[in-house]
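Colleague: how does the following fold in three dimensions:
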Amino acid sequence: MKGTNEMKPAAVKARGKAPLNKMRIYEHEEDGSSHKINKDTSKNGGIWQYLALASIPLVLVLGNSMLVPILPDLQDKMNISRFQSSLIITLFSLSAGLIIPISGYLSDRFTRKSVIIPSLIVYGAAGVLAGLGAVWNSYPILIASRAIQGLGAAGTAPIAMALVGDIYKGPKASKALGLIEASNGIGKVVSPILGSLLALIIWFAPFFAFPLFCLLALLAVIFMIKEPAKEKEAQPLKLYLKQIKTILKSKGHWLIPAFIAGSITLFILFGVLFYLSQILEEKPYSIEGVRKGLILAIPLLCLVITSYTTGAKIKQNGKLMRWLMNIGLIIMVVSLTLATFLNGNLYIFIGLLSLSGIGTGLLLPCLNTLITGSVEREQRGMITSLYNSLRFIGVAFGPPLFGWLMSISHKTLFITVASLSLTMLVLVFFRIKPNAELQEQT
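Modeller: Numbers count the residues shown, from 1 in each chain. Presented below is the predicted three-dimensional model:
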């Protein structure tokens, strides 16, 4: 798969260039003037800064995925339908998806941490209120609280992705972004097990456990992350939006397909989790509690290992990224197509979903690296926020649409998701063509 020039100026050929993993010290403006830009801050904070950054997507996932295994219990205890229980996930993700672009703009105008810190506070506080709604058996309070949680979530992991792009450059950036995606996946692995364990105490315990994790992430962000100083004054809103429009016009031919691919991938992932959580408790399986959580974790563990490995290996290698994205999508298409016909045997079925998780783990770190490195710092918050907004919307519609497809037939469900994976493969193959070596925007 030969690289093309479709993604310039973010990508350039390696021949005759300076080493790509070093930042330029001066950036020249169109009028010939220059200003000094930040040196590589990737050494600041070391492993603790890595862990603090990873805690943000981890806590985001815990607030959503930890509730997936208790949704059947929630239906019984609160006497609500499967569709109503799916809204616990959907309203959270939908409100986050709608607000993320605003959070992205604020993080570009001010600082990343000034958005992340209050967002984590809102996120945790609304989690306590959601728990009280469950205790009081009040579905309206529970749903409203989850929507408020979504508003807080909008300023967490999506902004952390932009912050990674500010702090790390070159191969360290792709490694850090791989860690972010792996942390996201680790949250998905741990969440169903942790949610099932906490539910053994009392079914609504996961609602109250989450704010404690949120507090730990808040402290880590405040004390362990050193954000680089801004070198330029914030732009007026009109000029800022004009530049975003210019970026989308010049790079939209690959950015928009990348956004869509990320959204559909998360739609499939959360939809499959919802589906698996439901069928495991039904006959002939009748698997509940921690055993169910462990089974849900298997495909997600495959995703985590693959995501971290991919992020560590791709560095700035655009040719490798293209290969891995397409291979990952081919694996997803094949495994989900086979799941259409081989879902009667639980061992084979979990194996196929694990293969799909591996495909997802090959795709997402590559998309994250390409999108984050494609724009300058001043617009990075908005571009990564648009990407994450669509990812959240994918998560929002996964559970209810999978629930609706389940009511038709299991075969219809998997034919649909296999077709969506094939659509993504076509989009990525024909529209996302990075050069052999990439040079990030600073």
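
Colleague: and stretch 376-390, how far out from the chain middle?
Modeller: From the chain centre to the centre of stretch 376-390 is a distance of 13 Å (CA atoms, centre = their mean, to the nearest Å).

Colleague: what's that stretch in contact with?
Modeller: Contact partners of stretch 376-390, identified using CB atoms under 8 Å, 6 or more residues apart in numbering, comprise 96-98, 100-101, 103-108, 112, 157-159, 161-162, 165-166, 230, 232, 235, 240, 243-244, 247, 255, 258-260, 262-263, 367, 371-372, 374-375, 441-442. (C-beta placed from N, C-alpha, C; glycine too.)

Colleague: just checking, what packs against the biggest helix by length in the chain?
Modeller: The helix that spans the most residues within the chain, counting by DSSP state H, is helix 237-280. Secondary-structure packing of helix 237-280 (3 or more CB pairs under 8 Å, 6 or more residues apart in numbering; DSSP states H and E): helix 71-78, helix 82-109, helix 171-201, helix 289-314, helix 346-372, helix 377-408, helix 410-431.

Colleague: go again with 6 Å.
Modeller: helix 346-372, helix 377-408, helix 410-431 (3 or more CB pairs under 6 Å, 6 or more residues apart in numbering; DSSP states H and E).

Colleague: how far out from the middle of the chain is that helix?
Modeller: 10 Å.

Colleague: any idea of the angle that helix forms with helix 377-408?
Modeller: If you take axes from the mean of the first three to the mean of the last three CA atoms, to 10 degrees, helix 237-280 sits at 30 degrees to helix 377-408.

Colleague: average pLDDT across helix 237-280?
Modeller: Averaging pLDDT along helix 237-280 gives 87.

Colleague: just give the nearest non-adjacent residue to Ala125, would you?
Modeller: Distances taken as CB to CB, 6 or more residues apart in numbering place Pro211 nearest to Ala125, at 7.3 Å, with adjacent residues excluded.

Colleague: let me know the angle separating the helix or strand where that neighbour lies from helix 71-78.
Modeller: Per DSSP states H and E: Pro211 is located in helix 205-224. Note on geometry: by the same axes, to 10 degrees, helix 205-224 and helix 71-78 are set 120 degrees apart in direction.

Colleague: mind listing what's buried along helix 205-224?
Modeller: By neighbour count on 16 or more other CB atoms under 10 Å, the buried set for helix 205-224 is 205-211, 213-214, 217-218, 220-221, 224.

Colleague: as JSON lines, those with distance to Phe397 and pLDDT would be great.
Modeller: Formatted as JSON lines, the buried residues of helix 205-224 follow (distance: CB to CB, whole Å; pLDDT from 0 to 100):
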{"residue": "Ala205", "distance to Phe397": "28", "pLDDT": "90"}
{"residue": "Pro206", "distance to Phe397": "23", "pLDDT": "88"}
{"residue": "Phe207", "distance to Phe397": "23", "pLDDT": "89"}
{"residue": "Phe208", "distance to Phe397": "28", "pLDDT": "89"}
{"residue": "Ala209", "distance to Phe397": "27", "pLDDT": "86"}
{"residue": "Phe210", "distance to Phe397": "23", "pLDDT": "82"}
{"residue": "Pro211", "distance to Phe397": "27", "pLDDT": "88"}
{"residue": "Phe213", "distance to Phe397": "26", "pLDDT": "89"}
{"residue": "Cys214", "distance to Phe397": "25", "pLDDT": "90"}
{"residue": "Ala217", "distance to Phe397": "27", "pLDDT": "91"}
{"residue": "Leu218", "distance to Phe397": "30", "pLDDT": "93"}
{"residue": "Ala220", "distance to Phe397": "31", "pLDDT": "91"}
{"residue": "Val221", "distance to Phe397": "30", "pLDDT": "91"}
{"residue": "Met224", "distance to Phe397": "35", "pLDDT": "88"}
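
Colleague: and of those residues, the nearest to Ala339?
Modeller: Pro206 (28.3 Å; CB to CB).

Colleague: Trp404 versus the nearest residue to Ile268 once chain neighbours are set aside, what's the distance?
Modeller: Distance criterion CB to CB, 6+ apart; nearest residue to Ile268, sequence neighbours excluded, is Val417 at 5.1 Å. Distance of Val417 to Trp404, computed by CB to CB, to the nearest Å: 13 Å.

Colleague: and the two? Which one has more around it.
Modeller: Using other CB atoms under 10 Å, the more surrounded residue of Val417 and Trp404 is Val417, with 27 against 14.

Colleague: so that one touches Leu336, yeah?
Modeller: Yes - Val417 lies in contact with Leu336 (CB atoms under 6 Å); the separation is 5.2 Å.

Colleague: rewinding a little: which secondary structure elements does the helix holding Pro211 contact?
Modeller: Packing partners of helix 205-224 (3+ CB pairs under 6 Å, 6+ apart): helix 46-65, helix 112-135, helix 171-201.

Colleague: where in the stretch 101-250 of the chain is pLDDT low?
Modeller: 231-232, 234 (pLDDT under 70).

Colleague: same thing but at 50, please
Modeller: Scanning the stretch 101-250 of the chain for pLDDT under 50 picks out no residues.

Colleague: quick revisit: which of the buried residues of helix 205-224 sits closest to Val190?
Modeller: Looking across the buried residues of helix 205-224 and measuring by CB to CB, the closest to Val190 is Phe213, at 10.1 Å.

Colleague: list the contacts for the closest one?
Modeller: Taking CB atoms under 6 Å, 6 or more residues apart in numbering as the contact definition, Phe213 lies against Val59, Leu62.

Colleague: repeat the analysis, applying 8 Å as the threshold.
Modeller: Leu58, Val59, Leu62.

Colleague: would you turn those residues into TSV with neighbour count and distance to Leu273?
Modeller: Formatted as TSV, these follow (neighbours: other CB atoms under 10 Å; distance: CB to CB, whole Å):
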residue	neighbour count	distance to Leu273
Leu58	25	17
Val59	27	18
Leu62	24	14
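
Colleague: and which of those is nearest Gly318?
Modeller: So of those, ranked by how close each gets to Gly318 (CB to CB), first place is Leu58, at 28.7 Å.

Colleague: go ahead and confirm that closest one touches Leu216.
Modeller: No - using CB atoms under 8 Å, Leu58 is not in contact with Leu216, being 9.7 Å away.

Colleague: quick one: contacts of stretch 132-144?
Modeller: 74, 77-78, 80, 84, 87-88, 91, 129-130, 145, 203-204, 207.

Colleague: buried residues in it, which are they?
Modeller: Leu132, Gly133, Ala134, Tyr139, Ile141, Leu142, Ile143, Ala144.

Colleague: got it, and stretch 235-253?
Modeller: Tyr240, Gln243, Ile244, Ile247, Leu248, Lys251.

Colleague: that'll do, ta.
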